[in-house]
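> quick one, structure for this:
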Amino acid sequence: MRALAIDTSTDIPGVALCDGPSCIARSPRGGDSVPAPGQHAERLLGLIEDVLQQAGWKKRDLGLIACCIGPGSFTGVRVGVATAKGIALALGLPIVGIGSLEVMAHAYFARPGAVADEDEAAVSLLDARKGEIFWAAYASTGALIAGPAHLAATQITDLPRRVPRSKITFLGEVARRLPLEPAWIVTTPPTDRPDPVELARLAMTTLQRRGPDDLDALEPAYVRPPDITLPATSS
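The predicted structure follows:
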């Protein structure tokens, strides 16, 4: 199956094309300039065109659209989900939405040489801004153990008490800036932030296991209320 995967949950949007488990193209590429924060809407369609050109594919060659549904950047997630839904609708393709924190945990447990340990939990962390952290804990089977939720960065040392496992591994670029035991932290490119290649792979297996998401019902998973709210109306 050929999948287009879109992640806009962090300040660096990413897009990938996969044919089965093999990555055919990704953007940004190594050495590319990193888009400035807040430029998801301006850059996303260009990134999609870039990977299609790299692969020599047309949109009609695609068989699946995958997108990260958050949590993460509120604006970024909205842009990514809306774009993915628009492409899926226009092409009549199935769509699968995956949580950004789940993608990070999947990358950790699917790494080469990984050995399943039922006592281990991978706790994915993303910067939620305003001094807060998005988090969720996953088992090696992919099952959700706790979260997704958010908490103050100053409370991060309390997080192990919320995860009922004897071994905890923290993932995410933000983990290096938190008061966590260094031996508990794993930092690799696929686990520092949601990787669109891992998103595509996980979406394919998810599609086989439970089928596609309902296009109309698929929505971002914000975890906490968006920062921007509609003004109150007078009665």
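> flag every buried residue along the lowest-mean-pLDDT helix or strand in the chain.
The helix or strand of the chain with the lowest confidence, counting by mean pLDDT, DSSP states H and E, is helix 40-55 at a mean of 91. By neighbour count on 16 or more other C-beta atoms under 10 Å, the buried set for helix 40-55 is 40-41, 43-44, 47-48, 50-52, 55. Yep, even glycine has a C-beta here, placed from its N, CA and C like the rest.
> so who does the residue lying closest to Leu125 once chain neighbours are set aside touch?
Distance criterion C-beta to C-beta, 6 or more residues apart in numbering; nearest residue to Leu125, sequence neighbours excluded, is Gly172 at 3.6 Å. With contact taken as C-beta atoms under 8 Å, 6 or more residues apart in numbering, Gly172 is in contact with 104, 124-126, 191-193.
> list the helices and strands the lengthiest helix in the chain packs on?
Looking across the chain with DSSP state H, the single longest helix is helix 74-91. Helix 74-91 sits against strand 2-7, helix 40-55, strand 64-68, strand 95-98, with contacts defined as 3 or more C-beta pairs under 8 Å, 6 or more residues apart in numbering; DSSP states H and E.
> in that helix, what's buried?
So for helix 74-91, counting by 16+ other C-beta under 10 Å, buried means 74-81, 83-85, 87-88.
> quick one: low-confidence parts of the chain?
By pLDDT under 70, the low-scoring segments of the chain are 30-39, 226-235.
> and if we set it to 50?
31, 33, 230, 234-235 (pLDDT under 50).
> for the protein, which segments count as helices?
Going by DSSP H, the chain shows helices at 40-55, 74-91, 100-109, 189-192, 196-210.
> wait, which of those is closest to Glu219?
helix 74-91 (7.1 Å; C-beta to C-beta).
> and the angle for that closest one with helix 100-109?
80 degrees (axes from the mean of the first three to the mean of the last three C-alpha atoms, to 10 degrees).
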